[in-house]
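J.: Provided below for reference: sequence and predicted model.
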Number of protein chains: 2
Amino acid sequence: MAVYTQVSDEELARFVASYGLGELKSYKGIAEGVENTNYLVNTSSGPFILTLYEKRVAQKDLPFFLELMDHLATSGIKCPTPLHDREGRMLRQLAGRPAAIITFLEGLWVRRPRVEHCALLGRALAEFHLVGQNYRAKRANSLSVNGWRPLFEACGGDIDTIAPGLAEEIETELAHLEANWPTALPSGIIHADLFPDNVFFLGSKISGLIDFYFACNDMLALDIAICLNAWCFEPDGAFNVTKARALLNAYTSERVLSTEELEFLPLLARGAAMRFLLTRVYDWLNTSEHALVERKDPIEYLRKLRFHARVTSVNEYGLENA
Amino acid sequence: MAVYTQVSDEELARFVASYGLGELKSYKGIAEGVENTNYLVNTSSGPFILTLYEKRVAQKDLPFFLELMDHLATSGIKCPTPLHDREGRMLRQLAGRPAAIITFLEGLWVRRPRVEHCALLGRALAEFHLVGQNYRAKRANSLSVNGWRPLFEACGGDIDTIAPGLAEEIETELAHLEANWPTALPSGIIHADLFPDNVFFLGSKISGLIDFYFACNDMLALDIAICLNAWCFEPDGAFNVTKARALLNAYTSERVLSTEELEFLPLLARGAAMRFLLTRVYDWLNTSEHALVERKDPIEYLRKLRFHARVTSVNEYGLENA
């Protein structure tokens, strides 16, 4: 959570004017998001988010992300939409960074999701997947199975300083996942990072999905697997099958899961846990305790991985018709 | 710039409701202010600032600050105003911290103040001083002349790592300031930290003064001296007498400066430079390069101190009638 790039009042006023948004009335750096600098910008036309893309987001992928948001929004998915400037551009430059102005979305992310939130999420995820089928641009998932071993190797020899035996357990799991990872499941655009802080609620509805900067093409069921990990475990580590059931039933009411997708869901959930375990291990070993960015506990995802490794059927996720 | 205290959606919704602000629609941590945690909170009643007071602000002083803002706002000074909850309280508790909800002020702080900004500032400062005369509560200025030597001593033996000879120069200056500091000038409530980032402009007007958490009772002309330091030097270190003239003429159009105040202004400006030199030296030596808080260059204020030490008359600040 940080503002990496400072923007002056004068350059921002000119920038806002080039979108025809009227007068710049205020702007505040937002202490959220670890990848980019975000400002909440208030203008005569209302509030907007200004995002300056820092180096952790590959610049060549920015058109993919912005056009995806534009596609989703025009297809009826509630999400932030990049504005077009007077010359029709969504991607601009400001303060030496790629920059975009994006609509401001009201809503709160829920710190403690309940069953009803999981149901709303499942439905929204399926709708997102269906609409994503019409998006033409492609982006590979660098954090899927082929990316895990290089990431594991990049973590170096200190992994066991986090927990004794962790490196060996990852090695064994990786070999299993690599040998059994499915290749022929329905694929399309996935969000790939749909944690509770990326889903806004207002009253009893979802007001929008945010943060599409991990979106890519991969198996749709992998997105479900990521959500099972992110939404359906309790703070004490227990899997909440009622939440999983709500999520899966709501999803399948919008988009039917094939027999193969259901069969592979435990393995995908295990792989999704591996993906977040590995990035957390890497960040843990490469981030100072005193850094701007809060380090997230890798062991949380090791426990989730172990849970899914013991699951033998999708029925254990509470899916009624499976 | 940081959010030190996280607030959950559920506790914030309850908190907002206790002020009768309707539904909580969104909230974002703001990456501004190094002392406290601030959230921009949007409700059905509009946007507000939620401030959680961290340990750097003395809790016993909070009623002084909040009642001052309340007094100023009801006396026509444009500034943030603390809301009263349904039981009439301005100071509350949230997430284990003292907390207040404060009105949101539109406006931008100017990164490069121009002459016209200095004139607007001078007038606003005088109006603030006049209205402050009716505020009854008192708070001593712990960062005035009596506080400098203890602060100097707390900096320890490493001062010369910042610049060779710095400790000796501070010692000599301190002795001069202590021996010559005035005691009988007009006093009252001063802001004590009215840097450009604490003054919001909208169009060609000041939309408000903010951040009263250094406010205290001291000589009014000391506030002017602080502003001369903060607003009237160029980035290359040159004193801009046109800006100083604009500031002083605008101030004196609202509140007449006595002969003694004019006579002592160079010494007060020298002391004001000492105050910020010392806190910056202290912070420089006690803050990691990698900390959340950006370290500010102490030498900038050493140069300002040297400038004021050479000033022999207030005429050198451009005041026409002196």
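T.: On my side now, so go ahead. Please read all numbers here as calculations on a predicted model, not as lab measurements.

J.: Could you tell me how many residues sit around A:P196?
T.: In terms of burial, A:P196 registers 18 neighbours under the definition other Cβ atoms under 10 Å in any protein chain shown. In this view, the C-beta of every residue, glycine as well, is placed from N, C-alpha and C.

J.: oh, I was asking about A:K205
T.: If you count neighbours by other Cβ under 10 Å, A:K205 ends up with 12.

J.: got a list of what the residue nearest the centre of chain A touches?
T.: Of all residues in chain A, the one closest to the mean position by Cα atoms, centre = their mean is A:D193, 1.8 Å from it. Residues near A:D193 by Cβ atoms under 8 Å, 6 or more residues apart in numbering or on different chains: A:211, A:213-214, A:226.

J.: Looking at these, point me to the pair that's furthest apart.
T.: Distances among the contacts of A:D193 were taken as Cβ to Cβ; the most separated pair is A:Y213 and A:I226, at 14.6 Å.

J.: Give me the more crowded residue out of those two.
T.: Neighbour totals were compared for A:Y213 and A:I226, and A:I226 leads with 25 against 22 (other Cβ under 10 Å).

J.: Quickly check: the one helix or strand the more buried one maps to near chain B or not.
T.: A:I226 belongs to helix A:220-231 when elements are defined using DSSP states H and E. No: residues of helix A:220-231 are not located near chain B by Cβ under 8 Å from any Cβ of the partner chain, the shortest gap being 15.2 Å.

J.: Then stretch A:297-315?
T.: No: legend: contact between stretch A:297-315 and chain B by Cβ under 8 Å from any Cβ is lacking; minimum distance shown is 15.6 Å.

J.: again with stretch A:96-112
T.: Yes: judged by Cβ under 8 Å from any Cβ, stretch A:96-112 and chain B are in contact via A:105-112.

J.: Could you check how far A:T51 is from B:W284?
T.: 32 Å (Cβ to Cβ, to the nearest Å).

J.: Of the two, which one has the most company?
T.: The neighbour comparison of A:T51 against B:W284 (other Cβ under 10 Å) goes to A:T51, with 26 against 19.

J.: Next, the contact list for the more buried one, please.
T.: Under the contact definition (Cβ under 8 Å, 6+ apart), the residues listed for A:T51 are A:36-38, A:99-102.

J.: helix/strand/coil for it?
T.: strand (DSSP: H, G, I helix; E, B strand; the rest coil).

J.: In the stretch 151-300 of chain A, where is pLDDT below threshold?
T.: Regions of the stretch 151-300 of chain A meeting the criterion pLDDT under 70 cover residues A:288-294.

J.: Strands along that one, start to end?
T.: Listed from the start of the chain, the stretch 151-300 of chain A has strands (DSSP state E, counting those that start in this stretch) covering A:187-190, A:199-202, A:205-209, A:216-219.

J.: Scan chain A for its longest helix.
T.: When chain A is scanned for its longest helix (criterion: DSSP state H), the result is helix A:259-286.

J.: Would you mark the buried spots in it?
T.: Residues of helix A:259-286 classed as buried: A:261-285 (neighbour count, 16 or more other Cβ atoms under 10 Å in any protein chain shown).
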